[in-house]
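Trainee: With the sequence up front, the predicted model follows.
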Amino acid sequence: MRPIIEFCTNNMHHGTDRLMKQLEDNPDYDVIEYGCLGNCGECYMFPYALVNGEIVVGANIEELQQRIEHKLKEIEAMFDLLGE
């Protein structure tokens, strides 16, 4: 199962649009943009995304990218343990 990374259009003012475009180039996961993800508090304050439904937040776009990569590695490790 490929991980899903979701971005909110309303969060693009933090620079998540550039990160989203970069992540879209990787065929190992699906990247989706929505008009609203319903996390207005995080959306207003920080760059964020959902990774397999979990909120991932960073103080800036670089930190968000690192945290997304970390979350993707966690997911990969979990699937490796389950043998999927």
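Mentor: Nice, thanks for sending it over. Because the structure is a prediction, the values reported are computed rather than measured. Numbering: from 1, shown residues only.
Trainee: Now for L50, which secondary structure element holds it?
Mentor: Using DSSP states H and E, L50 maps to strand 48-51.
Trainee: Pairing partners for that strand, with directions?
Mentor: strand 4-8 (antiparallel), strand 54-57 (antiparallel) (DSSP bridges).
Trainee: M20 is nearest to which of those strands?
Mentor: Taking CB to CB, strand 4-8 is the member of the strands paired with strand 48-51 nearest to M20, at 4.7 Å. The C-beta positions use only the backbone N, C-alpha and C, and glycine is treated the same way.
Trainee: And for that closest one, what's in contact with it?
Mentor: With CB atoms under 8 Å, 6 or more residues apart in numbering as the test, strand 4-8 has contacts from 16-17, 19-20, 23, 29-37, 39, 43, 48-53, 68.
Trainee: now do stretch 73-84
Mentor: 1, 3, 51-52.
Trainee: Specify the residue positioned farthest from the middle of this structure.
Mentor: For the chain, the largest distance from the centre (CA atoms, centre = their mean) belongs to G83, which lies 24.1 Å off.
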